[in-house]
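# Next input, structure requested:
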Amino acid sequence: MNEFVFVDTETTGNDPLNDRLFELCYKYDDITNCQYFKPPIPISIKSQSITHVTNKMIADKPAFLESDMKREVAKLLKDKIMVAHNAVFDIAMLSHEGVEAPRFICTLKLARALDSGNVIPEYNLQYLRYYLDLQVSADAHDAKGDVLVLEALFKRLSQKMDEKYKDPEVVVSEMIKISLQPSLFVLFTFGKHKGKKIGEVVLHDRSYVEWLLDQKMQNASSGEEDWIYTLKYHLKIGQKALSG
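Presented below is the predicted three-dimensional model:
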């Protein structure tokens, strides 16, 4: 039987290579554990404005590396499935601290995959909370609140997967598979072609798509793999359309 550990981190910034966690919350069965830690680098102003946690507030907290929580989480994730929203980022944060997650499910990628018609305007956790009318008593931008919303979102997405695959074991297997694959976007959500289909833009403004791919490639270490995959895919399909 598969067991899930719901994980959320609050971090000093958005850079998966250089930023670090200062709060970790996990939920396993009926146990919810949330703690603050003093990170090895300061919390950015941007992160403070989102989380309302300042460097002064965590100045006397222990380092995560030396904590009991690190050992607890590492033990749980060794043989259980981690569930997180934008899991690759949380995995990067945990990896900096020596904690690995061999198996994981990303609710961000699941939400995108299940929204085949690109109906949902945004996929961040709190937007999905209200878009899907998830009934959760939780504060936003707090790791404990986020992990409760995460669990509710996972249950809703699981129901959608159950309708398609019926078998619980197959559902989990497919969830893990989707989580390991890059997402393929259909619409631009930013820039001068916002709201337009990427495949159509390639046919009429290929130079822009090529330029954007180059920009994304330069920032490949900052979590741009989904856009790199998407742009390469549509450029390839567009080239075939022009050749055919």
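
# Could you use CA atoms for every contact and neighbour count after this?
Noted.

# Could I get the full set of helices for this structure?
Under the criterion DSSP state H, the chain contains helices at 45-51, 68-79, 87-96, 107-114, 125-131, 143-165, 168-180, 198-204, 206-218, 225-243.

# quick one: contacts of the last one?
Counting by CA atoms under 8 Å, 6 or more residues apart in numbering, the neighbours of helix 225-243 from elsewhere in the structure are 182-185, 198-199, 202-203, 206, 209-210, 213, 216-217, 220.

# Okay, domains of the protein per the record?
As given by automatic domain parsing, the domain ranges for the chain are 4-180, 198-243.

# Lowest average confidence across these, which one?
Among the domains of the chain, domain 198-243 carries the lowest mean pLDDT, a mean of 87.

# so how far is that one from its chain's centroid?
Centroid displacement of domain 198-243 relative to its chain, using CA atoms, centre = their mean, to the nearest Å, is 22 Å.

# Just give the nearest non-adjacent residue to the residue most central in space within the chain, would you?
Compute the mean C-alpha point of the chain, and by CA atoms, centre = their mean the closest residue is Asn86, 0.5 Å away. With CA to CA, 6 or more residues apart in numbering as the criterion, Asn86 has its nearest non-adjacent residue at 5.3 Å, and that residue is Leu108.

# ok, that neighbour - contacts?
The contact partners of Leu108, by CA under 8 Å, 6+ apart, come to His85, Asn86, Ala87, Tyr123, Asn124, Leu125.

# now do Phe64
Phe22, Phe37, Lys38, Pro39, Lys70, Glu97.

# In strands, which of these fall?
Applying DSSP state E to those, the entries found in strands are Phe22.

# neighbour-wise, which of the contacts of Phe64 leads?
Sorting these by how many neighbours each has (other CA atoms under 10 Å) puts Phe22 first, at 26 neighbours.

# Skip the chain neighbours and tell me the closest residue to it.
Computed as CA to CA, 6+ apart, the closest residue to Phe22 that is not its neighbour in sequence is Phe37, at 4.8 Å.

# quick one, what contacts the one you found?
Neighbouring residues of Phe37 by CA under 8 Å, 6+ apart: Leu21, Phe22, Glu23, Ile58, Lys61, Pro62, Ala63, Phe64.

# among those, which ones are buried?
Burial by neighbour count, 16 or more other CA atoms under 10 Å: within the contacts of Phe37 this picks out Leu21, Phe22, Glu23, Ile58, Ala63, Phe64.

# any chance of the residues you listed in CSV, with distance to Ile176 too?
Putting the buried ones among the contacts of Phe37 into CSV (distance: CA to CA, whole Å) gives the following:
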residue, distance to Ile176
Leu21, 24
Phe22, 27
Glu23, 25
Ile58, 35
Ala63, 31
Phe64, 28
